[in-house]
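Chemist: Please find the sequence and the predicted model below.
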Amino acid sequence: MSTPSLKQVAPLTANQIAKVKRDGFLVLKAVLDPELCGQARDDMWEAIETHLPRMKRDDPSTWGPITAEESARLKAQRPAGGGDPYFSGSEHRFTVRNGAEELLLNLAPRALWQVAEQLLGEGTVVWPAGLDESGSTTGPCFMCDDAVGGLVSHVGHEMGWPSKGTFTTEKALRLPKTGPVWLNGQGTRGLYCTLPKSPSPGPDYRGAHSDGACYGRGRLQMSAYIDDVPPNSGGFTVWPKSHTRIWREQWKAFFAGEKHTDKHLAVRRAGGYTDPVIGQIKASTQPFDCHGPAGTVVLWHTKILHLAGQNASDDVIRQATIYGFLKTPAALPDALVVDNTNGDIWRDWSDEVRG
Ligand SMILES: [Fe+2]
């Protein structure tokens, strides 16, 4: 796909690339177009006005948690053609599934396109094309058990795929616009928002996790803030340097016959919320709260341990969109998707990163 005419976030410096490799993440403060961030905030409030009108933009005292009754009502509004409800939520979280819309794509993943190619290699990344004329998305998806599970839960009904993963790539997987469009690389996750005064995750940070499995097409993810995220206000929270440890353990476990989704195992070695390596990382590393003004982007290695932080503020809604750049089937054939015999975590990254 040709280089977009959109304003691009500047390429990373050698120091920044070194930091991505060492820490597994990088915060780029206020790098996104402020006008697009403003539009995305206006769109979010329009969606709130439609779906949860008791919340008023100019009155933070109305931004209380979503009740069970409100949650059930929102959940019932699935689109007829499949996909998640456009607006859903429960307690202190709500989601707007607008991730395949042009605004969200232009705002973040496309503005980071040059950076993504700089890190993953020019011509090796799936372009987020968004919606086609028929209003759906098409892109490649590696059909592991995780992906198949995600398809069923987010599309809302069976679409004829086998219930177990085939561990091969479906090159042109078609998904409805509010479906899991991050799985075929065509959309962001939409807006993931945390309301003020959200509960503490507790001293052991329950809920901290590493996204998906080590095998797959994803390597680089980003979280982009469309509004200010002050400290302790729900920012993306990471455990620095955890990417290499989880990468290594997940591959070891996979080669030993364990899949990320083998939930029935009494002791699973890697891939879940309570695996030994996760506990070890929590015990040895202080998490870092990625705060920043509107337009801030956090880039992270897909295996890093993270969670959406507690929003301890009274008057901030944490508003983030998340996207994972995928390697194309041509650049990363299936044989390599399920293989990491040399253990090299940077094998599928650019020469600049590997250098
Ligand atoms: Fe996550």
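Modeler: Yep, it's here.
Chemist: Report the distance from the helix ranked longest in the chain to the chain centre.
Modeler: The residue-count maximum for a helix in the chain (DSSP state H) belongs to helix 34-51. How far helix 34-51 lies from its chain's middle: 20 Å, per C-alpha atoms, centre = their mean, to the nearest Å.
Chemist: Report all helices and strands that it contacts.
Modeler: Contact here means 3 or more C-beta pairs under 8 Å, 6 or more residues apart in numbering; DSSP states H and E; on that basis helix 34-51 packs against strand 87-90, strand 93-96, helix 102-107, strand 191-194, strand 318-326. Where you see a C-beta, it was placed from the backbone N, CA and C, and this is true even at glycine.
Chemist: Walk me through which strands the longest one pairs with, and which way each runs.
Modeler: Taking DSSP bridges as the criterion, strand 318-326 pairs within the sheet with strand 191-194 (antiparallel), strand 218-225 (antiparallel).
Chemist: just checking, His209 touches Leu307?
Modeler: Yes. Counting by C-beta atoms under 8 Å, Leu307 is a contact partner of His209 at 6.8 Å.
Chemist: how long is stretch 210-217 end to end?
Modeler: Start-to-end span of stretch 210-217 (C-alpha to C-alpha, to the nearest Å) is 15 Å.
Chemist: How about stretch 326-334?
Modeler: Note: stretch 326-334 ends 13 Å apart using C-alpha to C-alpha.
Chemist: still on that earlier bit, minimum distance to Arg73: which of the helices and strands packed on helix 34-51 has it?
Modeler: Minimum separation from Arg73 across the helices and strands packed on helix 34-51 (C-beta to C-beta) falls at strand 87-90, 9.9 Å.
Chemist: Any idea how far that closest one is from the middle of the chain?
Modeler: Worked out by C-alpha atoms, centre = their mean, strand 87-90 lies 17 Å from the chain centre.
Chemist: so what does it touch, helix or strand wise?
Modeler: So strand 87-90, by 3+ C-beta pairs under 8 Å, 6+ apart, packs with helix 34-51, helix 68-75, strand 93-96.
Chemist: Just the CA atoms of the first one, as CSV, please.
Modeler: Pointing back at helix 34-51 there. Only the C-alpha atoms of helix 34-51 are listed here, as CSV (Å, rounded to 0.1, in the frame of the first residue of the first chain):
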residue,chain,number,x,y,z
PRO,A,34,-4.7,17.7,18.1
GLU,A,35,-7.6,18.4,15.7
LEU,A,36,-8.2,14.7,15.1
CYS,A,37,-8.0,14.0,18.9
GLY,A,38,-10.7,16.7,19.4
GLN,A,39,-12.9,15.2,16.7
ALA,A,40,-12.6,11.8,18.4
ARG,A,41,-13.6,13.2,21.7
ASP,A,42,-16.6,14.9,20.1
ASP,A,43,-17.6,11.6,18.5
MET,A,44,-17.3,9.8,21.8
TRP,A,45,-19.6,12.3,23.5
GLU,A,46,-22.1,12.0,20.7
ALA,A,47,-22.1,8.2,21.3
ILE,A,48,-22.6,8.8,25.0
GLU,A,49,-25.4,11.2,24.3
THR,A,50,-27.1,8.5,22.3
HIS,A,51,-26.5,5.5,24.5
